[in-house]
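Sequence and predicted structure are below.
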Amino acid sequence: MARRMHLFGIFLVTGALVVLGGARAGAAGIAASGTAASGTSASGSSAAAATARGGSATSRGAYIARAADCMSCHTGEADKPFAGGNPLKSAFGTLYGTNITSDKQTGIGNWTRADFERALRLGIRKDGAYLYPAMPYDAYTKMSDADMTALWQYIHALPPINKPNIDNTLPFPLSVRLGMAVWQSVYFKPGRFVPVASKGAVWNRGAYLVEALEHCSDCHTPRNIAQGPETEHLLGGAQIEGWYAPDISHDPQSKIAHWSTDALAKFLKTGVSPDNAKVVGPMQEAVEDSLQYLTDADLHAMAVYLKDQANTNEPETPTKASIPRLAAGKRLYEDNCASCHGRNGVGREGTIPSLAHNDSVTASEPYNVIMAMLEGFKPQGSWGAMGSFADVLNDDQISAIANYVRTAWGNGASPNATPWSVGNWRKNATAAAGNTHALLCPNLAEGVIKPALSLTPDALKQAARDKGKMAGLVADYRAARPDTSKAEVIEALSTAYCRAVSTDSISEARMSANIAGFAQRVAVAL
């Protein structure tokens, strides 16, 4: 399943599993319960064949593989399950799921259990090459030995299908796997799932499923410029593949905060929310390919765990969004704006403006809000760029969002934006971002990015070619922020470099590759 296609990846943490596992592939530390539900897809016949070849022991592995959704990325043709070939496109190239059947020429028929385990636990292939973090081995590393064995028995028993793998089309240096070793040193910590002693068996089972087997964090946790997970915002919502994976933490404003445990479990199985909305996009794939096949006990455990996450945010300020005509604006805001400005409209200090209690938002006329959406902003100092929504949202949608933000979070403005006024102002709007490459550059906290912005574009571009100058930039940044982490150094300098090259006349793919190379050089200098 193509659930990790981020806008661009400094270390190519994108798209599908490039070597092993599915976009949701893996298994983890609490023994799988139940057996796989009957299916009518090609994977059902494949599971039956594997069971016949490997015996009843593989039925447990089949459940794990189904729960982990291994075949989504590894099936390009329905009649050739697990034989690879599924293309996953990104701005900088196309990745292809690989053949993981037992074929010895084109699959993994020559792999041993140790080879298989090293790939899932450590992200290293049989030939010693590092796997791209698109494969969520950061989740698979939590797998128990028993589940690892069961999954291996199932995969190893799959009927061999001779189908050559398709080469990924990635530019240099994204095509160099050695860079993954640097990424691992900063963002990856191997280790098995450890149950929380103070919690019960159901909670721990749910934690195991969410954190490892289903690896929900891959979509629902935002990532930094190097595509390392922002663990301080675990499950807090993120943009992925042009979709917004909503907040599923137990924040009061979380998508699931006001659902019952039973309603959440039903949603995971059916994809239908308590208000009768049907999921689409990547989550629809997750339900259809994986979640619907889990036992009711496992779905309940996941719901228990998700509903019990720590609450670290302030309560939501009551809004006027309950007014019927503003409800549509709220939904549009959550889909298009909340990933940056937050569901509570507070943004991020020094880098993303707050919409709550903002005089420009609550002015007597809605001109400022509407033109901001139509034109966007260029990056200014520590403040990041905002893209234009002129080609994304129509007049009615923009007016609905404007009215929502003018009345939400204690804002007391009149909801007086109309489709007619948006249409008239649209005629005079010019996309302010100009070169949209600037929109690839992430927004970092002011304290993190500010020292890096003191560097000139020429200095950053020279450092990309000169190891000595790069070492100097790293030393200067660390002198300005002595207590900074390696990850923050990479993020800050790479973001500054991103802005420096965003005005160059190059393709988005080339720009992404240049930033990837720069980030790797920063990591080496560290």
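Yep, that arrived. Numbers count the residues shown, from 1 in each chain.

mind checking the longest helix of this protein?
helix 508-525 (DSSP state H).

Report the mean confidence score over it.
Taken as a whole, helix 508-525 carries a mean pLDDT of 81.

Stretch 236-245 too?
Averaged over stretch 236-245, pLDDT sits at 66.

likewise stretch 105-116?
95.

Could you give me the buried positions within that stretch?
106-109, 111, 115-116 (16 or more other C-beta atoms under 10 Å). Using the backbone N, CA and C atoms, a C-beta is placed for each residue, glycine as well.

Would you confirm that residue 489 contacts residue 477?
Yes. Counting by C-beta atoms under 8 Å, residue 489 touches residue 477, with 5.8 Å between them.

and for stretch 380-398, what are the contacting residues?
Residues outside stretch 380-398 that contact it (C-beta atoms under 8 Å, 6 or more residues apart in numbering): 332, 336, 340, 350-353, 370, 372-379, 401, 417, 419-420, 422-423, 426, 429, 431-433, 436, 438-439, 441-444, 446, 449-450, 453.

meant to ask about stretch 348-360
317, 340-342, 344-347, 361, 368-369, 382-384, 405, 408-411, 443-447, 449.

Restrict these to the buried ones and give me that as a PyMOL selection.
Applied in PyMOL, the following selects the buried portion of the contacts of stretch 348-360 according to 16+ other C-beta under 10 Å:
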select buried, resi 341+342+344+345+346+347+361+368+369+382+383+384+405+408+409+411+443+444+445+449
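
what's the closest non-adjacent residue to the spatially most central residue of the chain?
Nearest residue to the geometric centre of the chain (C-alpha atoms, centre = their mean): residue 219, 3.6 Å. Spatially, and ignoring its direct neighbours in sequence, residue 219 is nearest to residue 245 (4.1 Å; C-beta to C-beta, 6 or more residues apart in numbering).

With residue 209 instead?
residue 302 (5.0 Å).

Could you verify my assumption that the one you found touches residue 208?
No. Contact between residue 302 and residue 208 fails when scored by C-beta under 8 Å: they sit 9.3 Å apart.

residues of the longest helix of the chain that come out buried?
Result for helix 508-525 [16+ other C-beta under 10 Å]: buried residues 508-509, 511-523, 525.

next one: stretch 72-82
Buried-residue list, stretch 72-82, by 16+ other C-beta under 10 Å: 72-76, 80-82.

Restricting to C-alpha, output that stretch in PDB.
The C-alpha coordinates for stretch 72-82 follow below in PDB (Å, rounded to 0.1, in the frame of the first residue of the first chain):
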ATOM      1  CA  SER A  72      -0.300  -4.400  -0.900                       C
ATOM      2  CA  CYS A  73       3.100  -3.200  -1.900                       C
ATOM      3  CA  HIS A  74       4.300  -6.600  -3.200                       C
ATOM      4  CA  THR A  75       1.500  -7.300  -5.600                       C
ATOM      5  CA  GLY A  76       1.500  -5.600  -9.000                       C
ATOM      6  CA  GLU A  77      -0.800  -8.100 -10.700                       C
ATOM      7  CA  ALA A  78      -3.700  -9.800  -8.900                       C
ATOM      8  CA  ASP A  79      -2.900 -13.200 -10.300                       C
ATOM      9  CA  LYS A  80       0.700 -13.000  -9.100                       C
ATOM     10  CA  PRO A  81       0.400 -12.300  -5.400                       C
ATOM     11  CA  PHE A  82       3.600 -11.200  -3.500                       C
END
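
Serialize the buried residues of stretch 72-82 to JSON lines and add fields for pLDDT and distance to residue 123.
Listed next are these as JSON lines, based on pLDDT from 0 to 100; distance: C-beta to C-beta, whole Å:
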{"residue": "72", "pLDDT": "79", "distance to residue 123": "19"}
{"residue": "73", "pLDDT": "78", "distance to residue 123": "15"}
{"residue": "74", "pLDDT": "83", "distance to residue 123": "17"}
{"residue": "75", "pLDDT": "85", "distance to residue 123": "22"}
{"residue": "76", "pLDDT": "87", "distance to residue 123": "23"}
{"residue": "80", "pLDDT": "92", "distance to residue 123": "26"}
{"residue": "81", "pLDDT": "91", "distance to residue 123": "24"}
{"residue": "82", "pLDDT": "92", "distance to residue 123": "20"}
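
Among these, which ones are in strands?
Judged by DSSP state E, strands contain none of these.

what helix or strand is the residue of the chain most remote from its centre on?
In the chain, counting by C-alpha atoms, centre = their mean, residue 364 sits farthest out from the average C-alpha position, at 38.4 Å. Per DSSP states H and E: residue 364 is located in neither a helix nor a strand.

Contact partners for it?
413-414.

per-residue confidence at it?
Residue 364 is given a pLDDT of 72.

repeat for the one 3 residues further on
Per-residue pLDDT puts residue 367 at 79.

which residues touch it?
residue 425 are the contacts of residue 367 under C-beta under 8 Å, 6+ apart.

Then residue 167?
residue 96.

helices and strands of this structure: which one has the lowest mean pLDDT?
helix 42-54 (a mean of 55; mean pLDDT, DSSP states H and E).

right, and the helix or strand after it?
helix 57-68.

What are the buried residues along that following helix?
Result for helix 57-68 [16+ other C-beta under 10 Å]: buried residues 58-68.

Any idea which of the residues you listed the model trusts least?
residue 58 (66).

contacting residues for the residue nearest to residue 209?
Counted by C-beta under 8 Å, 6+ apart, residue 302 has contacts 206, 209-210, 214, 264-265, 268, 294.

Recalculate using a threshold of 6 Å.
For residue 302, the contact set (C-beta atoms under 6 Å, 6 or more residues apart in numbering) comprises 206, 209-210.

And the pLDDT at it?
Reported pLDDT for residue 302: 94.

Please pull up the helix or strand immediately following the host helix or strand of it.
Assigned by DSSP H and E, residue 302 falls within helix 296-307. Helices and strands here follow DSSP H and E; after helix 296-307, the next one along the chain is helix 324-336.

That following helix - contacts with which helices or strands?
helix 395-407 (3 or more C-beta pairs under 6 Å, 6 or more residues apart in numbering; DSSP states H and E).

in the helix it packs on, what counts as buried?
Buried, per 16+ other C-beta under 10 Å, within helix 395-407: 395, 397-407.

Over to stretch 463-473?
Neighbour count says stretch 463-473 has 463-464, 469-471, 473 buried, by 16+ other C-beta under 10 Å.

Could you do stretch 259-278 as well?
259, 261, 263-269, 271, 273.

Could you report the neighbour count for residue 69?
A total of 28 residues lie near residue 69 under the criterion other C-beta atoms under 10 Å.

tell me which element residue 138 is part of?
Short version: residue 138 belongs to helix 137-140, going by DSSP H and E.

Give me the contacts around that helix.
Under C-beta under 6 Å, 6+ apart, the answer for helix 137-140 is 26, 120, 123, 188, 212, 215.

Check the gap between residue 166 and residue 69 for me.
20 Å (C-beta to C-beta, to the nearest Å).

actually residue 377, not the one I typed
38 Å.

what would the buried residues of stretch 105-116 look like in TSV with distance to residue 156 and secondary structure?
Shown next, in TSV, are these (distance: C-beta to C-beta, whole Å; DSSP: H, G, I helix; E, B strand; the rest coil):
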residue	distance to residue 156	secondary structure
106	15	coil
107	10	coil
108	8	coil
109	8	coil
111	8	coil
115	11	helix
116	8	helix
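
element containing residue 95?
With DSSP H and E as criterion, residue 95 is part of strand 93-96.

Please name every helix or strand in contact with that strand.
Partner elements for strand 93-96 (3+ C-beta pairs under 6 Å, 6+ apart): strand 87-90.

and the strand it packs on, average pLDDT?
Rounded mean pLDDT across strand 87-90 is 71.

re earlier: alpha carbons of the helix or strand just after the helix holding residue 138, as CSV, please.
Downstream of helix 137-140, the next assigned helix or strand under DSSP H and E is helix 145-156. What follows is helix 145-156, C-alpha atoms only, in CSV (Å, rounded to 0.1, in the frame of the first residue of the first chain):
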residue,chain,number,x,y,z
ASP,A,145,10.6,-14.2,18.0
ALA,A,146,7.5,-16.4,17.8
ASP,A,147,5.7,-14.0,15.4
MET,A,148,8.9,-13.6,13.4
THR,A,149,9.1,-17.4,13.0
ALA,A,150,5.4,-17.7,12.1
LEU,A,151,5.6,-14.9,9.4
TRP,A,152,8.8,-16.4,8.0
GLN,A,153,7.2,-19.9,7.7
TYR,A,154,4.3,-18.3,5.8
ILE,A,155,6.3,-16.2,3.5
HIS,A,156,8.8,-19.0,2.9
